[in-house]
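Colleague: Just to be clear, the model below is a prediction. Sequence and coordinates:
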Amino acid sequence: MNDNLERTQLYDWHKENGDVIPFAGWDMPVRYSGIREEHMAVRDSCGVFDVSHMLRLWIDGPDSVEFLQTVTSNNVGMLKINDGHYSTCLNKNGGTFDDLMLYRIGEEEFIWVTNAANGAKIWNHLQEQAKKFKVKVMDKTKEVAMIAVQGPNALSLLSKMSGKDMDEFDRFTCNPLTIAGYDTYLCRTGYTGEAGAEILVLNCPFTNEGKARAIGFWEELLSQGAEFGIRPCGLGARDSLRLEAGFVLYGHELDEETSPIEARIPYAVKFKVEPHYFGYDVVQSHKKGGVKKTRIGFVMIDRGIPREKYPILFNGSEIGITTSGGLSPILDKGIGMGYVPPDTVEIGDVIEIDIKGRHRRAEVTKWPFYNPDKYGETRTR
Amino acid sequence: MGDTEIKDGLFYSAEHEWVRVEGDIAVIGITDHAQDALHEITFVEISEVGTVLKANGECGLVESMKASSDIFTPIAGEIIEVNTDLEDAPETVNEDCYGKGWMFKIKPSNLKADLAALMDGNAYKAFIESE
């Protein structure tokens, strides 16, 4: 074990109940019972994830809107208090430094939640850019725990625990809320495709008391969630769920060489904004049709499980490369995503994936990979 | 790790494969330690019958929910049978890795020398404890 790995406030619980492995510099649970079982709990009832390894920044000051508009690609000024959106932080070439959730919690106060793997990079970038503005960027990762509750029963559980009807909170909102006596921010977001929330549990520093508080909240969720079929879920299920939902993962579908237009997350990018953010011009040219590559999804026709960095072939020629892949527990087939030049394939085309020298057929499909009438937030209940 | 199962009478590789000699044939699979580390095996693919392999040659792959791992043959020779039951029930490797979860059979070309390079149960136990 590497002694330099970071641990979340819930580490002791994970160590006792799960299989803990290194992930993005953190000791994190990959699973408790089994990835497939945890995955299906989220699709069928409810799952709870410790996502406290993600970076949580508080941004405050009279220039916060202008500052954030220079470093993120969505329309910051459009955000109302207690609203949030998905966004990207770009470099000057329109490549992606990071993707993030941005929540406005006051006139001048915002919360920025981002990938663990990019923590140091984003922290340094924002500190540097913030020098030009009257704004403070504060790292509260180690003061606030973050726990995701996801699945068709997640909101019923949170209604029961908070005494508040979750229908009051729209998707992407971020509201202060007391849940079972714990002060939190309830963010109506997630990374599984299902309804639910990501909960910022306040006052959880890295002291014995703070850790006990985070574990106390987690155990409260598990005990009150029993009647809703709740299960603790590890990062293995988190990855298989996001893949099945067709969500990008930084380091796979997104990197500094890839723009949000190429990644086909156009909702993270707005153009009627002032000032222009880093990479604005490049992203605008991509939007007007100038991309060199585009993200596709595919489902295996032949047997085999695609993984990242496998060649994609079409009509016998190599056209691109996969960025993620795995087994979809819902389809019981291999699924994946990757990049190909624009206009080379369309939905329904049969491509081949080179799985360690074996060429296996796959069909180009839309995401999510599950039937959205039966699964996910849009399911017809 | 303390309760990992190691069977006497088998030969073990550093890649966590086991070999059982049955007459003039070698039966090969992955160890309890390997299946436990992979967890939830979802797919097994072994090279076709008739494939001739060198010792430690790559001859297939195992997919789990977590990752993909290559399979190597500790014994040189020709693949004479592949466990096709694993196509529809790869989880058999998790349930019975030394029995119904065997992966392939080899007609060895250099058995004695290849076996000499492998570990017995005690040596393998010490090996995984030191890993």
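Modeller: Thanks, I have the structure now.
Colleague: neighbours around B:Glu48, how many?
Modeller: Per other C-beta atoms under 10 Å in any protein chain shown, the neighbour tally for B:Glu48 reads 9. C-beta here means a position set from N, CA and C on the backbone, and glycine is covered the same way.
Colleague: now swap in A:Gly163 and tell me
Modeller: Count around A:Gly163 with other C-beta under 10 Å applied: 10.
Colleague: what's the distance between it and chain B?
Modeller: Between A:Gly163 and chain B the distance is 37 Å, computed by C-beta to the nearest C-beta, to the nearest Å.
Colleague: Check A:Val71 too.
Modeller: A:Val71 sits 35 Å away from chain B, going by C-beta to the nearest C-beta.
Colleague: Model confidence at that residue, what's the number?
Modeller: As predicted, A:Val71 sits at a pLDDT of 97.
Colleague: Next up, the contacts around it.
Modeller: A:Cys89, A:His125, A:Leu126, A:Gln129, A:Tyr277, A:Phe278 (C-beta atoms under 8 Å, 6 or more residues apart in numbering or on different chains).
Colleague: among those, which ones are buried?
Modeller: Taking 16 or more other C-beta atoms under 10 Å in any protein chain shown as the criterion, what is buried in the contacts of A:Val71 is A:Cys89, A:His125, A:Leu126, A:Gln129, A:Tyr277, A:Phe278.
Colleague: Output those in a markdown table; the columns should cover distance to chain B.
Modeller: Formatted as a markdown table, the buried ones among the contacts of A:Val71 follow (distance: C-beta to the nearest C-beta, whole Å):
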| residue | distance to chain B |
| --- | --- |
| A:Cys89 | 29 |
| A:His125 | 31 |
| A:Leu126 | 33 |
| A:Gln129 | 37 |
| A:Tyr277 | 37 |
| A:Phe278 | 35 |
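Colleague: Which of these fall in strands?
Modeller: Taking DSSP state E as the definition of strands, the buried ones among the contacts of A:Val71 contribute A:Cys89.
Colleague: Up against chain B, what does the stretch 201-350 of chain A have?
Modeller: Residues of the stretch 201-350 of chain A lying close to chain B by C-beta under 8 Å from any C-beta of the partner chain are A:Gly236, A:Ser240, A:Arg303, A:Gly304, A:Ile305, A:Arg307, A:Gly326, A:Leu327, A:Gly334.
Colleague: For the residues you listed, pick the one with the most neighbours.
Modeller: The residue in these with the most neighbours, by other C-beta under 10 Å, is A:Gly236 (29 neighbours).
Colleague: Spatially nearest residue to residue 69 (excluding sequence neighbours)?
Modeller: Went with chain A since none was named. Excluding the flanking residues, the one nearest A:Gln69 by C-beta to C-beta, 6 or more residues apart in numbering or on different chains is A:Val76, at 4.6 Å.
Colleague: Please refer instead to chain B.
Modeller: The shortest distance from B:Ser69 to any non-neighbouring residue, by C-beta to C-beta, 6+ apart, is to B:Val62 (5.0 Å).
Colleague: so what secondary structure elements neighbour the strand or helix carrying that neighbour?
Modeller: Per DSSP states H and E: B:Val62 is located in strand B:57-64. Counting contacts by 3 or more C-beta pairs under 8 Å, 6 or more residues apart in numbering or on different chains; DSSP states H and E, strand B:57-64 is packed against strand B:41-46, strand B:68-73.
Colleague: what bridges to the residue nearest the centre of chain B?
Modeller: The residue lying closest to the centre of chain B (C-alpha atoms, centre = their mean) is B:Gly29, at 2.5 Å. Beta bridges link B:Gly29 to B:Trp18, judged by DSSP bridges.
Colleague: quick one: contacts for A:Arg7?
Modeller: A:Trp26, A:Asp27.
Colleague: before we move on, back to that, orientation of the strand holding B:Val62 relative to strand B:41-46 in degrees?
Modeller: Between strand B:57-64 and strand B:41-46, the angle comes out at 160 degrees (axes from the mean of the first three to the mean of the last three C-alpha atoms, to 10 degrees).
Colleague: what's the spacing between strand B:57-64 and its chain's center?
Modeller: 10 Å (C-alpha atoms, centre = their mean, to the nearest Å).
Colleague: Same question for stretch A:277-294.
Modeller: Distance, centroid of stretch A:277-294 to centroid of chain: 23 Å (C-alpha atoms, centre = their mean).
Colleague: Stretch A:354-364 now?
Modeller: Distance, centroid of stretch A:354-364 to centroid of chain: 28 Å (C-alpha atoms, centre = their mean).
Colleague: now for the residues of the stretch 201-350 of chain A next to chain B, which pair is the farthest apart?
Modeller: Spatially, the most separated pair among those is A:Gly236 and A:Arg303, at 21.8 Å (C-beta to C-beta).
Colleague: Hmm, B:Cys97 and the residue nearest to the centre of chain B touching each other?
Modeller: Yes - in terms of C-beta atoms under 8 Å, B:Gly29 counts as a neighbour of B:Cys97; the distance is 5.7 Å.
Colleague: Residues that sit against both of the two, list them.
Modeller: B:Trp18.
Colleague: Tell me if I'm right that A:Pro275 and A:Phe67 touch.
Modeller: No - the criterion here is C-beta under 8 Å, and A:Pro275 misses it with A:Phe67 at 9.7 Å.
Colleague: ok, those two, which is more surrounded?
Modeller: For A:Pro275 versus A:Phe67, neighbours defined as other C-beta under 10 Å are more numerous around A:Phe67 (24 against 9).
Colleague: Give the full set of residues in contact with the more buried one.
Modeller: By C-beta under 8 Å, 6+ apart, A:Phe67 lies in contact with A:Ile59, A:Gly61, A:Gln129, A:Ala130, A:Lys132, A:Phe133, A:Val135.
Colleague: neighbours of residue 54, just the number please.
Modeller: In the absence of a named chain, chain A is used. Burial of A:Met54 is recorded as 22 neighbouring residues (other C-beta under 10 Å).
Colleague: could you do chain B instead?
Modeller: Neighbours of B:Lys54 under the rule other C-beta under 10 Å: 15.
Colleague: Skipping adjacent residues, who's closest to it in space?
Modeller: That would be B:Ala76: by C-beta to C-beta, 6+ apart, it lies 5.2 Å from B:Lys54.
Colleague: Pick out the residue in chain A sitting closest to chain B.
Modeller: Going by C-beta to the nearest C-beta, chain B is nearest to A:Ile35 of chain A, at 3.8 Å.
Colleague: Isn't that residue up against A:Arg231?
Modeller: No - with contact defined as C-beta under 8 Å, A:Ile35 and A:Arg231 do not form a contacting pair (11.4 Å).
Colleague: between those two, which one's more packed in?
Modeller: Neighbours were counted for A:Ile35 and for A:Arg231 using other C-beta under 10 Å; A:Ile35 has more, 29 against 22.
Colleague: what's near enough to touch the more buried one?
Modeller: Going by C-beta under 8 Å, 6+ apart, A:Ile35 touches A:Gly234, A:Gly236, A:Ala237, A:Ser240, B:His39, B:Glu40, B:Met65, B:Lys66.
Colleague: same check, this time on A:Ile335
Modeller: For A:Ile335, the contacting residues are A:Leu243, A:Glu244, A:Gly297, A:Phe298, A:Val299, A:Met300, A:Pro306, A:Gly325, A:Gly326, A:Leu327, A:Ser328, A:Phe369, by C-beta under 8 Å, 6+ apart.
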